[in-house]
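In: below: sequence and its predicted model.
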Amino acid sequence: MRFLKHLYVQVLIGIVIGGLIGFYFPTTGTSLKPLGDGFISLIKMLIAPIIFCTVVVGLAGMGDLKKAGKVGFKAFVYFEIVTTAALVIGLLVANLLKPGEGFNATVETLNTGSVAKYETAAKSMTVVEHILHIIPKTFVSAFAEGEILQVLFLALLFGIALGRLGDHGRPILNLLQEVTRVFFGMLNSITKLAPLAAAGAIAFTIGQYGV
């Protein structure tokens, strides 16, 4: 039974169990929604600090500031291109495959508050506004609001500045390396909850909307 130790196998089992709970016990299934929501919140909680620490450690550890600057700029451009490509692919797939068509859902069962939130956030932005949006209002606000591009921007500036300090910045670099290990340790522990989260999410979906 060694295969049961693999996380993906446990997630698949969780999905099956969650589906059965949602189908046969819909009331219980809908009550399991916090399992999925909590797991997503735990993952989102670590994304910004992990990106910041890994980018800073990578740039500051290079030593060559010109090389670090080029790598940082390429990483920033790559992030923008991949994000845009993901949006385009998502729109194409959604329009071609029409996911959710025939789904057993009504206006009463949908969370209209969440929809309104995304409609407000989806306002059009010019190129200049988008560039200015990358610059956070404060150092902390980028992390508090979960703005990944802003966190990446701060990490680039911080990493290059830390690299310029040379040996004087070594204690800070060593500290960030250890902090990065702590964050990845936290992430490793959280991912072990994925089967439980998958079961809760599927149980809620089937219990709330049906098959």
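Out: Perfect, thanks for sending it.
In: what are the ranges of the helices in the chain?
Out: Here the chain has its helices, by DSSP state H, at 7-24, 26-30, 33-60, 65-97, 112-121, 127-134, 139-144, 148-164, 170-191, 194-209.
In: is it possible to export these to JSON lines including mean neighbour count and mean pLDDT?
Out: Every C-beta, even on glycine, is put in place using the N, C-alpha and C of the backbone. Below are the helices of the chain laid out as JSON lines (neighbours: other Cβ atoms under 10 Å; pLDDT from 0 to 100):
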{"stretch": "helix 7-24", "mean neighbour count": "17", "mean pLDDT": "93"}
{"stretch": "helix 26-30", "mean neighbour count": "16", "mean pLDDT": "92"}
{"stretch": "helix 33-60", "mean neighbour count": "18", "mean pLDDT": "93"}
{"stretch": "helix 65-97", "mean neighbour count": "12", "mean pLDDT": "76"}
{"stretch": "helix 112-121", "mean neighbour count": "9", "mean pLDDT": "56"}
{"stretch": "helix 127-134", "mean neighbour count": "10", "mean pLDDT": "81"}
{"stretch": "helix 139-144", "mean neighbour count": "14", "mean pLDDT": "92"}
{"stretch": "helix 148-164", "mean neighbour count": "19", "mean pLDDT": "90"}
{"stretch": "helix 170-191", "mean neighbour count": "14", "mean pLDDT": "95"}
{"stretch": "helix 194-209", "mean neighbour count": "22", "mean pLDDT": "92"}
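In: middle-most residue in the protein, spatially?
Out: When Cα atoms, centre = their mean is applied to the chain, the residue found nearest the centroid is K44 (4.9 Å).
In: which residues touch that residue?
Out: Counting by Cβ atoms under 8 Å, 6 or more residues apart in numbering, K44 makes contact with G146.
In: backbone dihedrals for S31, please?
Out: According to degrees, to the nearest 10, the main-chain angles of S31 amount to phi -80, psi -10.
In: any idea how far it lies from T205?
Out: 13 Å (Cβ to Cβ, to the nearest Å).
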